[in-house]
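Visitor: Just to be clear, the model below is a prediction. Sequence and coordinates:
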Amino acid sequence: MNDLEERLRAAFDARARTFEASPHAWTRLQSRAPRRHPARWLLAALPVALLAVFVPVLVNGGLGRNTATDPTGIYQQLMKERTPLGEQVTVGNPSEGKPLRIWFAKAKLGYPQVCYVVERAAGEPYGACVDAVGWKYADAWYVGSTLRDGAATAMDWGLALQDVGAVAGVTKGGQEFPGTVRSLDGAPYRLWTVTYPSQEPMSKIRISDVKGKDLGWWSRDGLAATTGQPMSAPMELSQGISVRPYRTKDGTQLTWSRHGAELSSQVPLAASPVVMSPQRDVIVGFARKDVARVEVSFDSGRSASVETRPDPWNLGITLFGATSPSDDPAEGRRITAYDASGKQVGRYDEPARTSPDKADKVVGEVMTLPGTEGSGRPVRIWFTQRSSEGNEFCFTGGPEPNDWGMTGCFIEYLHGAYPFHQSTTYLPDPGADTYFGPALEDWESIDAVLHDGQRVRASFLRGTGAPHPVWHVSVPRGTEVGGFIVKVKGKPDKQVPNYYKGCAKQAARSEIAPQTLPAGITALVVPACAAFWENGEAMPALPGPLPGARLSDLLDAELPVRWISGKTAWYGYAPAGTAKVEIRMKGGATATAETVPDSWGQGVTLFAAPTPHGGDFETSALTGYDAGGKELWRYEVPRPRAVATVTPAPRS
């Protein structure tokens, strides 16, 4: 598993956490298309309620002639609807020989952003603010880079958690360049920079905590994940936005970027009048060759008029890119295309969508999730009839700091699972974390278990005509919730850990020594997470114990084993007394894993074995035996069924 896959797993788990029926359910999630289908000629984000402000912007000839072109003016423009958060810092920009100004700010919906102003040796300065919580489960991550054609030296930079003490840039060949990590008073994260020769581009950063302990690495793919060979030098459009063609296995791909960070990638098709990418603070895309100008009008009254540029690569299209007057990706908008004479040649309206899609067969009332009413963008929840298996539970909205907002549906609660979702609100300050999910009629109560063992009782909400109730519980933002205890009528209490598959990165901070298993696997149990590493590389985790409980409490007759596969091995935990675990797969492949008693008093045995060839984990059965060969338990992996359909957070 590479780091990009790990981040996708973490993103999915953060969006819709549940006991999965299959150890490979995340793969099916990844392969399913989002439920919100893009428009025929506009890829748009989920919209919400808006501000009534008119701010016209004219971008002249794609060159970016906004009114504020000096660094101070750019700063003032960026901070019009933001609040400073901590001190500012100025670092040297080796690619330009001019200062790079960086600071944190609080966005109008309350979440933190990191902002920057780039001064340039040849060209007008530009600036932007990007979300500072995009990879909340990372130790350190990329934000920008000064790397550009013609510069001998470059600098990558990004953010890190407060206990990160060192960062080093690593090239593909393994050469390391030490970085600098600094704290900004009052800022939510630390700032790191790595300077290196441009001919030795970085592939990742290696991260250590303040005590020098290795915390693993983070891929540079989080900054720019473009694959393929560049076909030419990039063409600059405006405000530091550039576009570059790449030759990929699927043909030509255009990639827009700014300050080293990828904004959007599109395959240039010439049939549609305009294709505009749904980015938070930029307007980028391409248009048919007869389109000379693209006008975007937002529901808030803001508007932008962007002149196109002919592509220099003979693709038969025009290109555009500019800073957007709106940083709300959920805002409704109208896109109009004009030719050189001013004649309208295309138009599309993307309405604000704070409710279900018109195609949804809504069952019962569409409700506002309690705890999100005053956030500036409430979460809306409802049930739909989309599957012959039953009603899906759906949600949209929320002040999610990413380009897509929050949207998704899941149905696995009908099949013995206990899915839930988390929405973080920042207003009113200090904000709250609200957990919620669908419930069945025999669910009597749900308690959130905090990491100190304290319990907070959830409430139930049932909309008029809704087929099921919805449970919800709010805690102060940042409060660690270890999981939930679900009381079902006539059954033992069910423990549902609040974990994500990438939690091995945080488990690495533990002072407890990991336990060695076969097949190069090491394991460590921390609250709500059973973490695993394969030859030192973090692998997908399994649910861990709730505060005050043990791993054995997560096993029962219905689910007597927890397991998953990594890169070259499969591993997990089973009831104490299990001496070996055998797996049989549809393709005929079999494998046996030897067990190791856990050394933490968790009441389980741990197992691991190399992944067998020629089998299918999706259609497998596991059997546990004692030391004498007697069968202790058997588990059939359920056939794949509909699972949560969610839109993951894009790169920050």
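Guide: Everything's here; your move.
Visitor: For Lys211, grab the count of nearby residues.
Guide: 9 (other CB atoms under 10 Å). In this view, the C-beta of every residue, glycine as well, is placed from N, C-alpha and C.
Visitor: and it, what is it in contact with?
Guide: Gly165 (CB atoms under 8 Å, 6 or more residues apart in numbering).
Visitor: So for stretch 122-129, mean pLDDT?
Guide: Across stretch 122-129, pLDDT averages out at 91.
Visitor: Could you check it and say which residues are buried?
Guide: By neighbour count with 16 or more other CB atoms under 10 Å, stretch 122-129 contains the buried residues 124-129.
Visitor: Out of these, list just those in helices.
Guide: For the buried residues of stretch 122-129, membership in helices holds for none, with DSSP state H as the criterion.
Visitor: Nearest to Leu109, out of those: which one, please.
Guide: Cys129 (12.6 Å; CB to CB).
Visitor: What is the nearest of the buried residues of stretch 122-129 to Pro71?
Guide: Pro125 (5.2 Å).
Visitor: nearest residue to the closest one other than its sequence neighbours?
Guide: Nearest residue to Pro125, sequence neighbours excluded (CB to CB, 6 or more residues apart in numbering): Glu119, at 4.8 Å.
Visitor: now swap in Ile241 and tell me
Guide: Using CB to CB, 6+ apart, the closest residue to Ile241 is Gly321 (3.9 Å).
Visitor: Could you look up the next helix or strand downstream of the helix or strand containing that neighbour?
Guide: Assigned by DSSP states H and E, Gly321 belongs to strand 317-323. For strand 317-323, the succeeding helix or strand toward the C-terminus, using DSSP H and E, is strand 333-338.
Visitor: Neighbouring strands of that following strand in the sheet, and parallel or not?
Guide: Strand 333-338 pairs in its sheet with strand 293-298 (antiparallel), strand 344-350 (antiparallel), by DSSP bridges.
Visitor: ok and it relative to strand 317-323, angle-wise?
Guide: 140 degrees (axes from the mean of the first three to the mean of the last three CA atoms, to 10 degrees).
Visitor: pLDDT averaged over strand 333-338, what's the number?
Guide: pLDDT averaged over strand 333-338 gives 93.
Visitor: related to what we said a few turns ago, buried residues in the strand holding Gly321, which are they?
Guide: 317-323.
Visitor: of those residues, closest to Lys106?
Guide: Thr323 (19.9 Å).
Visitor: how close does that closest one get to Leu78?
Guide: 10 Å (CB to CB, to the nearest Å).
Visitor: Mind listing the shared neighbours of these two?
Guide: Ala128.
Visitor: ok so, going back, tell me, how many residues neighbour the residue nearest to Pro125?
Guide: Neighbour number of Glu119 under other CB under 10 Å is 20.
Visitor: next one: Thr72
Guide: Using other CB under 10 Å: Thr72 sits among 11 other residues.
Visitor: Over to Pro351?
Guide: 12.
Visitor: cool, Gln344 as well?
Guide: Gln344 - counted by other CB under 10 Å - has 11 other residues nearby.
Visitor: pretty sure it is in contact with Arg334, am I right?
Guide: No - using CB atoms under 8 Å, Gln344 is not in contact with Arg334; the gap is 11.5 Å.
Visitor: So which residues of the stretch 451-600 of the chain form helices?
Guide: 504-507 (DSSP state H, counting those that start in this stretch).
Visitor: repeat for the stretch 51-200 of the chain
Guide: Under DSSP H, counting those that start in this stretch, the stretch 51-200 of the chain gives helices at 71-78.
Visitor: Poorly predicted segments of it, please.
Guide: 51-68, 134-136 (pLDDT under 70).
Visitor: In it, mark out all the strands, start to finish.
Guide: Along the stretch 51-200 of the chain, the segments classed as strands by DSSP state E, counting those that start in this stretch run 56-59, 83-84, 89-93, 98-106, 112-118, 126-131, 140-145, 153-160, 164-171, 176-178, 180-182, 190-197.
Visitor: so which of the ones you listed comes closest to Gln454?
Guide: Using CB to CB, those put strand 112-118 closest to Gln454, at 26.9 Å.
Visitor: re the thing from before, compile the strands of the stretch 51-200 of the chain into CSV and extend it with columns for distance to Met539.
Guide: What follows is the strands of the stretch 51-200 of the chain, written out as CSV (distance: least, CB to CB, whole Å):
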stretch, distance to Met539
strand 56-59, 47
strand 83-84, 40
strand 89-93, 35
strand 98-106, 33
strand 112-118, 30
strand 126-131, 28
strand 140-145, 20
strand 153-160, 23
strand 164-171, 20
strand 176-178, 24
strand 180-182, 27
strand 190-197, 25
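Visitor: what's the closest of those strands to Pro268?
Guide: With CB to CB, the closest approach to Pro268 among those belongs to strand 56-59: 20.6 Å.
Visitor: now stretch 350-365: how far from the chain's centre is it?
Guide: 24 Å (CA atoms, centre = their mean, to the nearest Å).
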